[in-house]
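Engineer: I'll drop the sequence and a predicted model, then ask my questions.
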Amino acid sequence: MTDAIGKTELAQMFVKAAEEIRREHQYLSELDSVAGDGDHGTTMLRVVERLEATATANTPENLRVRLREVGWSVMGVDGGASSALLGTFFAGMADAEIGDSSMNCTDVAKAFEAGLRAVSRQTKAQPGDKTLIDALRPAVSALSAAAARGKTIRQALKDAALAARAGADSTKDLVARYGRAKFLGEKTRGSPDAGATSVALLFDGFCAGFASEGKS
Amino acid sequence: MKKFINDPKHLVTELLEGLVLAFPNKVRLAGSRIVLRAIPKTSGKVRLVTLGGSGHEPGLSGFVGEGILDASVAGEIFAAPGPARCLEAIRAASGGGAGVLFVVLNHAGDVLSANIAMEAAAREDINVKMVLTQDGISSDPNLKDRRGLVGFLPVYKVAGAAAEQGFSLDACCKIAERMERNTRTLAVAVRPATHPTTGKAMFELGDDEMEIGMGQHGEAGTGRMKLKTADETAEIMLKMLLANLGVSSGEELLVIINGGGATTLMELWILFRSVALLLDAKNIKVVRSAVGEFITTQEQAGFQMMIARMDSELIRLWDAPADAPYFVVR
C-alpha cells in the first residue's frame, strides 16, 4: 500500500483528534482557568465537533477544498484565539501545492508548513510566549525534518506528536506574554498553556488516526 | 451572583433576541448572531460593519441603525466572534455594491478575527477597508498598544453619516481615520464586574481604591490609588487626556462620559460638570457632548472619559440624523 493520506485517512485523523480532546476537555478547562475564563475545554469540544463533522462529510473529494472547509468550519466557532488560529491552520494547509486526492509525506509536510505560515501571518506570538505556537511550531518542524529524511508518514506524525508534547510541556515554566493572560504575569507560571496542550492532543490524534488505517 | 438570567448557555442568543424584539422597526437578527438594520440602506452606499464580544450592552449592536451601523457581529460574553461570521457579515454587506467599512475595536481577539476575515475577503475581491479604533490611553505612558474603548462611538457616527450621505468608501475611511486619530479615552474602575457565566469577579480592587487606565475587561492599568472625589478624579484624567491628544487653548472638543454599568447617572453628570468647568478654565470649548452608558461591562463601577478634537465637517456628521436603538439624532 502506498504511503499516503487520502480523504479516508484524513477523516480518521480528525476523528481520533476529536477523541483525544473529548477525553481531556475538563483538564483543558482547568488549565485555562489559571489564565483565562476557564472555557478552553468547552471551546475545543466545539472545535472538534466541527472537525469531525466536516472531515467525515461525503463531499468534497478534493483534499485542499476539504481542508479549507474544515478550517472555515472551525473558524465558525466563537472561541477566541484558539479556534480562530486552529481554523486558520487547517484552512492554510490548503494553500500548499499538494495532490488533489492524496498526500505523500512531502505533501503532508508542505501542507503543515503552509498552515503554520497562515497562523504566523495572524499572530505575532513566538515560541516562549506561552501560546499554542509553543507546540505547533516544533511539531511542524519535526514533521518537515522527518519528511526530508525520507521517513514514512506514520514516523513523521509520531515525531510531530512527540515534538508537540515536548513543546506543550515546556510552557509549564513560562509566563504568559501574549493574549489576555499576559495581564496576569507571574500567576500563569506553573501550569502548561491550554492552547499548546490542545495542539499536542490533536497531533496525538492525527498519529493514532493514521496508524489505525493500518499504514506502516 | 445576582443577575436576572436564564440558562447561561443562552445568554447571547437571548439578549440579542430581546434587542430585536424591543426595536423591531430598527433592527433584525440574521444568520448567526448578526444584527442588521431592519430596513437595509439603499444600494450604492457604503455599509458599515463592526464586531465585538457581548456583555457590554448597549455596545455594540445597540448602534445598528439608520445613519450609523449596518451590521454588528456579536461574539460570546467578553469574547470576539469567530472569523467565519465576520466574513459572512462582510460578504452580506458587500451586496450593497459600494464597499464595506469594517470598524474594529483594538482588542486581541477582535483584531485576530477581523484580520483573518479581511484576508479571506481580499481573496474574494470584496471591496472592504478596515479601521481600527485605539482610543484608550493608559496611565502607563510606555504602553504602546492602545485599546479600543468608547471612542468607537464617534467613529461609527461620523463614518455612518458619511456613508448615508453617499461618500465613497475611500472618503468614509478617511473620515473614520481622522475621527479616530483625534480621539482619546481614559477609563477608571472602582468595583469589578461579575462574569455572567462563571459568576467570578473580573478583578480585585480594595474597597477604598480606584484604578485609572483599566481596560474594558479589567486588564490591569498602573494607576491604582485611593478613591478620590469627582472633581479630583476628573482633573487627573482630563490632564492626561489633554496632554496625550495635545489639545491647546481655543480648540473644540466632543466630550463623552460613559458609565461602566454600575456608576449612576448622578455621578456621571457630576463628573461631566467637573470636566466642563476645567475645560472652560483652559479656554477649550465643549462643542458637543454625550453622557450615558454606551459600552458597559456588566455591573462594573467606573467610567470612561473621552475627548475628541472636532472640525466643522466632523461636527456636521456627528449632528446628522441617526436612528439606532441606543443612538437617535433627529
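Structural biologist: Cool, got the structure.
Engineer: and A:Arg117, what helix or strand is that in?
Structural biologist: Here A:Arg117, judged by DSSP states H and E, is contained in helix A:105-122.
Engineer: report the closest residue of chain B relative to chain A.
Structural biologist: Ranked by CB to the nearest CB, the top residue of chain B for proximity to chain A is B:Ala84, at 3.7 Å. Any C-beta I mention is one placed from the backbone N, CA and C, and that applies to glycine too.
Engineer: any idea how far that residue is from A:Cys207?
Structural biologist: Taking CB to CB, to the nearest Å as the measure, B:Ala84 falls 28 Å from A:Cys207.
Engineer: cool, and A:Ala160?
Structural biologist: When A:Ala160 is compared with A:Cys207 (using CB to CB), they lie 7 Å apart.
Engineer: try A:Leu45
Structural biologist: From A:Leu45 to A:Cys207 the distance is 21 Å (CB to CB).
Engineer: what of B:Ala93?
Structural biologist: When CB to CB is applied, the distance between B:Ala93 and A:Cys207 equals 42 Å.
Engineer: B:Ala22 reaches B:Pro325, doesn't it?
Structural biologist: Yes. Taking contact to mean CB atoms under 8 Å, the distance of 7.2 Å between B:Ala22 and B:Pro325 places them in contact.
Engineer: could you look up the SS state of A:Thr2?
Structural biologist: Classification of A:Thr2 using DSSP: H, G, I helix; E, B strand; the rest coil returns coil.
Engineer: ugh, typo on my part, it should be B:Leu29
Structural biologist: Reducing the assignment to helix, strand or coil with three-state DSSP, the entry for B:Leu29 is strand.
Engineer: the one 10 residues further on too?
Structural biologist: In terms of secondary structure, B:Ile39 is coil; the call rests on three-state DSSP.
Engineer: got phi/psi on the residue nearest to it when sequence neighbours are not counted?
Structural biologist: Sequence neighbours aside, B:Glu66 is the residue nearest to B:Ile39 in space, at 7.7 Å (criterion: CB to CB, 6 or more residues apart in numbering or on different chains). Phi and psi for B:Glu66, reported as degrees, to the nearest 10, are phi -50, psi 130.
Engineer: distance of B:Glu66 from B:Pro321?
Structural biologist: For B:Glu66 relative to B:Pro321 (CB to CB), the value is 7 Å.
Engineer: check B:Leu112 too.
Structural biologist: With distances taken as CB to CB, B:Leu112 is found 35 Å from B:Pro321.
Engineer: if you count surrounding residues, which of these two has more?
Structural biologist: Set side by side, B:Leu112 and B:Pro321 show more neighbours around B:Leu112, with 21 against 11, by other CB atoms under 10 Å in any protein chain shown.
Engineer: helix or strand: which one has that one?
Structural biologist: Secondary structure assignment for B:Leu112, by DSSP H and E: helix B:108-123.
Engineer: can you give me the strands for chain A?
Structural biologist: Per DSSP state E, chain A carries strands over the ranges A:5-6, A:102-103.
Engineer: ok, the last one: who's next to it in the sheet?
Structural biologist: If you go by DSSP bridges, strand A:102-103 pairs up with strand A:5-6 (antiparallel).
Engineer: poorly predicted segments of chain A, please.
Structural biologist: Applying pLDDT under 70 to chain A flags residues A:1, A:179-184, A:213-216.
Engineer: the residue in it that chain B sits nearest to: neighbouring residues, count only.
Structural biologist: Of all residues in chain A, A:Gly76 sits closest to chain B, with a separation of 3.7 Å (CB to the nearest CB). Counted with other CB under 10 Å, the neighbours of A:Gly76 add up to 22.
Engineer: ok, now which ones touch it?
Structural biologist: If you count contacts by CB atoms under 8 Å, 6 or more residues apart in numbering or on different chains, A:Gly76 has them with A:50, A:87, B:32, B:82, B:84-85.
Engineer: residues in a beta bridge with B:Lys285, which ones?
Structural biologist: Partner residues in beta bridges with B:Lys285: B:Glu252, with DSSP bridges as the criterion.
Engineer: for it, grab the count of nearby residues.
Structural biologist: Based on other CB under 10 Å, the number of other residues close to B:Lys285 is 13.
Engineer: quick check, it in contact with B:Ala276.
Structural biologist: No. Look at B:Lys285 against B:Ala276 with CB under 8 Å: they stay out of range, at 10.2 Å.
Engineer: is any part of stretch B:186-195 close to chain A?
Structural biologist: Yes. Between stretch B:186-195 and chain A, judged by CB under 8 Å from any CB of the partner chain, the touching residues are B:His195.
Engineer: what comes up buried for that stretch?
Structural biologist: Applying a neighbour-count criterion of 16 or more other CB atoms under 10 Å in any protein chain shown, one finds B:186-195 buried in stretch B:186-195.
Engineer: name the next helix or strand downstream of the strand or helix carrying B:Met210, please.
Structural biologist: Under the assignment given by DSSP H and E, the secondary-structure element containing B:Met210 is strand B:209-212. The first helix or strand that comes after strand B:209-212 along the chain, using DSSP H and E, is strand B:223-226.
Engineer: for that following strand, which strands pair with it and how are they oriented?
Structural biologist: Looking at strand B:223-226 with DSSP bridges, what it pairs with is strand B:209-212 (antiparallel).
Engineer: ok, residues contacting the lowest-mean-pLDDT helix or strand in chain B?
Structural biologist: Of all the helices and strands that make up chain B, strand B:223-226 has the lowest average by mean pLDDT, DSSP states H and E, namely a mean of 89. Taking contacts as CB under 8 Å, 6+ apart, the residues outside strand B:223-226 that touch it are B:139-140, B:188, B:205, B:208-213.
Engineer: by contact count, what packs against the helix ranked longest in chain A?
Structural biologist: Across chain A, the longest stretch assigned as helix under DSSP state H is helix A:7-35. For helix A:7-35, the helices and strands in contact under the criterion 3 or more CB pairs under 8 Å, 6 or more residues apart in numbering or on different chains; DSSP states H and E are helix A:40-56, helix A:63-74, helix A:194-211.
Engineer: try 6 Å
Structural biologist: Where contact means 3 or more CB pairs under 6 Å, 6 or more residues apart in numbering or on different chains; DSSP states H and E, helix A:7-35 is packed against helix A:40-56, helix A:194-211.
Engineer: columns mean neighbour count and distance to chain B on top of these, output as a markdown table?
Structural biologist: What follows is the helices and strands packed on helix A:7-35, written out as a markdown table (neighbours: other CB atoms under 10 Å in any protein chain shown; distance: least, CB to the nearest CB, whole Å):
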| stretch | mean neighbour count | distance to chain B |
| --- | --- | --- |
| helix A:40-56 | 22 | 9 |
| helix A:194-211 | 27 | 13 |
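Engineer: show me where chain B has strands.
Structural biologist: Counting by DSSP E, chain B has strands at residues B:27-30, B:34-37, B:47-54, B:71-77, B:100-105, B:128-133, B:183-191, B:209-212, B:223-226, B:252-259, B:285-292, B:301-309, B:322-324, B:327-329.
Engineer: quick one: buried residues of the last one?
Structural biologist: Right, the one you point to is strand B:327-329. Neighbour-count burial for strand B:327-329, counted by 16+ other CB under 10 Å, picks out B:Phe327.
Engineer: next: the first one.
Structural biologist: Buried positions in strand B:27-30, judged by neighbour count with 16+ other CB under 10 Å: B:27-29.
Engineer: need those residues in a markdown table (columns: distance to B:Phe294).
Structural biologist: A markdown table is the format used below for the buried residues of strand B:27-30 (distance: CB to CB, whole Å):
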| residue | distance to B:Phe294 |
| --- | --- |
| B:Val27 | 16 |
| B:Arg28 | 22 |
| B:Leu29 | 21 |
